[in-house]
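Peer 1: pasting the structure only:
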């Protein structure tokens with residue numbers, strides 16, 4: 001391991017005390033919310049509901065994409081039109097799946113009940129304003145939400161408290177499908193009043209007939225208005241306000257209601273459905289499902305109502321506020337003098353006290369300002385002194401350091417910097433860094449820009465191709481702060497490491513030459529063993545064979561035969577040794593054939609099973625690549641046979657247009673790779689060095705119960721893949 005440069009250590013310590021810039025905050029994940037509304041924004045209830053949903057969604061920790069769609073069932077009630085709307089929405093969101101769906105009204109809820117499994121599978125659904133009728137559908141586990149909150153019984157109770165003399169109750173409603181559903185619910189809840197009151201329903205009239213009827217109501221009557229989207233003649237009331245205003249203007253009795261949207265148009269009030277709050281709760285349920293809660297774990301919310309009354313309507317009919325139910329909310333209530341002007345009174349009284357404190361406060365503030373100015377001047381002086389101290393340090397630090405301003409002009413340079421780059425400090429101060437060093441790489445300009453924005457960057461080695469030759473540099477760049485705390489410029493530390501880089505390359509070249517020399521020696525020994533010793537032993541075997549045919553006695557015959565066999569074995573062993581030292585098959589037949597032959601020899605010699613497979617291996621590989629992979633195969637198989645204790649091995653040699661891969665695997669005992677690399681043995685080290693010389697990659701994995709696997713990848717130079725062997729095993 002190389003020793004640390006003391007100059008680099010000194011500057012690194014200095015940089016540790018400089019402030020670092022804060023990282024950018026991560027962006028929020030995106031979630032999609034799809035809202036299906038019963039009708040359009042012309043209906044006040046939809047706007048109130050949407051206000052509530054939006055108030056809840058604003059609290060989300062996600063970046064929300066909110067989509068709003070409208071079924072418009074009152075304007076387009078025809079089933080064919082509604083089906084076309086459905087088909088369009090399904091296609092529209094087919095490739096933009098929402099994360100949660102909110103339905104507002106019964107038609108969107110019915111749409112989801114019928115199609116969500118096929119069109120929006122797995123998407124949780126939060127409903128509100130479902131308006132259940134008889135035979136309400138059963139919702140599956142993907143649904144939860146806010147039940148309809150209507151309280152006709154409690155509204156009549158509150159009306160009777162305000163008008164105890166009531167004898168007649170008239171329920172006014174519309175003839176539309178939605179109106180009829182509401183009417184059915186109201187009839188069920190008001191049945192207890194049928195025995196003691198004259199209860200009648202005006203729900204199937206045209207608006208002109210209804211107006212005339214309301215003008216002639218008997219005394220001691222109260223009216224309950226349930227809502228009207230359409231009258232008996234088919235006339236639609238889009239805004240909702242038009243119908244209630246006509247009813248209130250015509251009725252000669254107080255009109256109570258079930259929805260907060262009608263308040264402010266002449267209705268007295270009642271226990272009304274709190275539409276905006278229902279929307280807020282539905283939005284909150286949607287957020288909980290976005291965070292991962294399952295719909296079946298979120299209980300449905302019921303009874304989102306509140307006692308609300310219009311103060312002007314109470315006054316018109318002579319009702320007392322004291323008769324209202326406890327906790328009632330009063331709208332349009334005219335404020336008293338104190339309520340209207342109490343802050344003016346309080347302000348006037350307080351003004352005299354404030355004037356008394358103002359002078360003393362101004363005097364105190366002036367004293368504080370003077371003190372702050374003195375502290376600021378002192379702080380500025382200290383920072384300026386610190387900047388000057390930093391310049392002195394840069395000047396005398398025994399390393400290559402430059403201090404530059406935001407325009408990349410030199411403020412100070414160290415003596416070592418001047419020596420490394422052949423410049424004079426008096427000539428560079430005030431000049432641009434890019435003017436002094438015009439051959440600087442373009443990527444370094446981007447590094448300087450990032451450092452001026454507050455980043456600290458470094459590189460252990462970087463190449464600089466100059467006109468005078470290639471230079472290797474280790475550098476670090478970080479900002480320094482000015483008086484106001486912002487980046488005033490950058491500090492650059494640069495150490496030339498060209499000599500160290502050249503020494504590393506020389507060492508690598510020396511290792512390469514040593515291995516090449518070793519290979520040459522092995523080749524020479526292999527040729528001598530094969531061409532000399534093996535031929536002589538073969539000749540000796542022939543001579544003994546001739547003696548065998550000469551008709552000698554039986555004992556001599558047996559002795560000669562045994563000697564012949566031993567000599568033949570020696571010849572085979574010597575031949576195998578020569579193959580290990582230098583494989584002629586590798587030179588003449590290529591890597592795939594040589595590797596397969598070697599696996600077969602090892603299998604026969606040690607009585608083990610080796611499954612060899614190969615595919616796509618070029619025959620004319622570069623010699624150094626083929627030799628590297630063959631030597632790694634020899635070393636890996638010999639080690640595996642010797643130490644793994646396994647009798648089964650796998651060898652795979654494969655090639656592509658870009659690289660050659662070798663994989664050797666056993667299924668025996670494992671070992672600690674790091675300990676093996678640190679031991680005195682050269683097996684694994686030599687394999688790694690060989691692979692490094694051909695710029696390849698070797699991975700050694702050894703785990704208990706699974707054995708050891710050695711994988712080598714070596715890039716194939718372009719043009720060496722023209723001849724490829726066929727796959728064999």
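Peer 2: Noted; the coordinates are in hand. Bear in mind that the values here come from a model prediction, so they are computed numbers and not experimental data.
Peer 1: where does pLDDT dip in the stretch 101-250 of the chain?
Peer 2: 132-136, 238-240 (pLDDT under 70).
Peer 1: run the last query once more with 80
Peer 2: For the stretch 101-250 of the chain, residues meeting the criterion pLDDT under 80 lie at 131-137, 148-149, 238-241.
Peer 1: quick one, strands of it?
Peer 2: 125-128, 143-145, 168-173, 198-202, 221-227 (DSSP state E, counting those that start in this stretch).
Peer 1: next, format those as TSV and append distance to residue 702 and mean neighbour count.
Peer 2: In this view, the C-beta of every residue, glycine as well, is placed from N, C-alpha and C. Converted to TSV, the strands of the stretch 101-250 of the chain look like this (distance: least, CB to CB, whole Å; neighbours: other CB atoms under 10 Å):
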stretch	distance to residue 702	mean neighbour count
strand 125-128	54	27
strand 143-145	54	23
strand 168-173	82	22
strand 198-202	87	16
strand 221-227	78	23
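Peer 1: what are the phi and psi angles of the closest residue in space to residue 104 that isn't next to it in sequence?
Peer 2: Counting by CB to CB, 6 or more residues apart in numbering, residue 37 is the residue found nearest to residue 104 once chain neighbours are left out, at 4.6 Å. Main-chain dihedrals, residue 37, degrees, to the nearest 10: phi -100, psi 150.
Peer 1: residue 37 reaches residue 67, doesn't it?
Peer 2: No. Residue 37 is not in contact with residue 67 according to CB atoms under 8 Å; the separation is 11.1 Å.
Peer 1: more neighbours, these two?
Peer 2: Higher neighbour count among residue 37 and residue 67: residue 37, with 24 against 15, using other CB atoms under 10 Å.
Peer 1: so what's residue 722 scoring on pLDDT?
Peer 2: For residue 722, the pLDDT comes out at 44.
Peer 1: repeat that for residue 317.
Peer 2: Residue 317 is given a pLDDT of 93.
Peer 1: what's the burial count for it?
Peer 2: Neighbours of residue 317 (other CB under 10 Å): 13.
Peer 1: how near is the closest residue to it other than its chain neighbours to residue 229?
Peer 2: The spatially closest residue to residue 317, leaving aside those adjacent along the chain, is residue 254, at 4.6 Å (CB to CB, 6+ apart). According to CB to CB, to the nearest Å, residue 254 stands 23 Å off from residue 229.
Peer 1: tell me where the stretch 151-300 of the chain has helices.
Peer 2: Using DSSP state H, counting those that start in this stretch, the helices of the stretch 151-300 of the chain run over 152-162, 177-189, 207-215, 241-250, 275-290.
Peer 1: any chance of those helices in a markdown table, plus distance to residue 696 and mean neighbour count?
Peer 2: Formatted as a markdown table, the helices of the stretch 151-300 of the chain follow (distance: least, CB to CB, whole Å; neighbours: other CB under 10 Å):
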| stretch | distance to residue 696 | mean neighbour count |
| --- | --- | --- |
| helix 152-162 | 84 | 19 |
| helix 177-189 | 76 | 18 |
| helix 207-215 | 89 | 16 |
| helix 241-250 | 81 | 20 |
| helix 275-290 | 49 | 23 |
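Peer 1: any buried residues in the one helix or strand residue 443 maps to, and which?
Peer 2: Using DSSP states H and E, the element containing residue 443 is helix 442-452. By 16 or more other CB atoms under 10 Å, the buried positions in helix 442-452 come out as 444, 447, 448, 451, 452.
Peer 1: residue 710 pairs with what?
Peer 2: For residue 710, the beta-bridge partners are residue 664, residue 700 (DSSP bridges).
Peer 1: residues contacting it?
Peer 2: Applying CB atoms under 8 Å, 6 or more residues apart in numbering, we find residue 710 in contact with 632, 636, 662, 663, 664, 665, 687, 698, 699, 700, 701.
Peer 1: packing partners for the helix or strand containing residue 83?
Peer 2: For residue 83, the element it lies in under DSSP H and E is helix 79-92. Under the contact definition 3 or more CB pairs under 8 Å, 6 or more residues apart in numbering; DSSP states H and E, helix 79-92 sits against helix 106-119.
Peer 1: return the set of buried residues in the helix it packs on.
Peer 2: 106, 107, 108, 109, 110, 111, 112, 113, 116, 119.
Peer 1: please enumerate residues in contact with the helix holding residue 83?
Peer 2: 36, 69, 71, 72, 73, 76, 107, 111, 115, 119.
Peer 1: of all those residues, which comes closest to residue 293?
Peer 2: residue 36 (21.1 Å; CB to CB).
Peer 1: burial of the closest one, as a residue count?
Peer 2: 24.
Peer 1: wait, doesn't it sit right on residue 103?
Peer 2: Yes. At 5.0 Å, residue 36 counts as touching residue 103 under the criterion of CB under 8 Å.
Peer 1: which neighbours do these two have in common?
Peer 2: Joint contacts of residue 36 and residue 103 (CB under 8 Å, 6+ apart) are 111, 112.
Peer 1: how close does residue 303 sit to residue 226?
Peer 2: 18 Å.
Peer 1: try residue 160
Peer 2: From residue 160 to residue 226 the distance is 18 Å (CB to CB).
Peer 1: one step back: for the residue nearest to residue 317, give its distance to residue 194.
Peer 2: Distance check for residue 254 against residue 194: by CB to CB, it reads 21 Å.
Peer 1: those two: who's more crowded?
Peer 2: residue 254 (23 against 11).
Peer 1: so what's that one scoring on pLDDT?
Peer 2: At residue 254, the pLDDT recorded in the model is 96.
Peer 1: the longest strand belonging to the chain to helix 442-452, inter-axis angle?
Peer 2: Looking across the chain with DSSP state E, the single longest strand is strand 469-481. Orientation check (axes from the mean of the first three to the mean of the last three CA atoms, to 10 degrees): strand 469-481 against helix 442-452 gives 10 degrees.
Peer 1: now do the buried residues in strand 469-481.
Peer 2: Neighbour counts over strand 469-481 (16+ other CB under 10 Å) mark 471, 472, 473, 474, 475, 476, 477, 478, 479, 480, 481 as buried.
Peer 1: can you add distance to residue 275 and pLDDT and give those back as CSV?
Peer 2: Formatted as CSV, the buried residues of strand 469-481 follow (distance: CB to CB, whole Å; pLDDT from 0 to 100):
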residue, distance to residue 275, pLDDT
471, 75, 80
472, 73, 85
473, 70, 82
474, 69, 82
475, 65, 85
476, 63, 89
477, 60, 89
478, 58, 87
479, 55, 88
480, 60, 84
481, 56, 78
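Peer 1: so where is the stretch 301-450 of the chain shaky, pLDDT-wise?
Peer 2: Scanning the stretch 301-450 of the chain residue by residue, the ranges that satisfy pLDDT under 80 are 303, 333-345, 347-349, 352, 356, 366, 370, 372-400, 415-428, 439-440.
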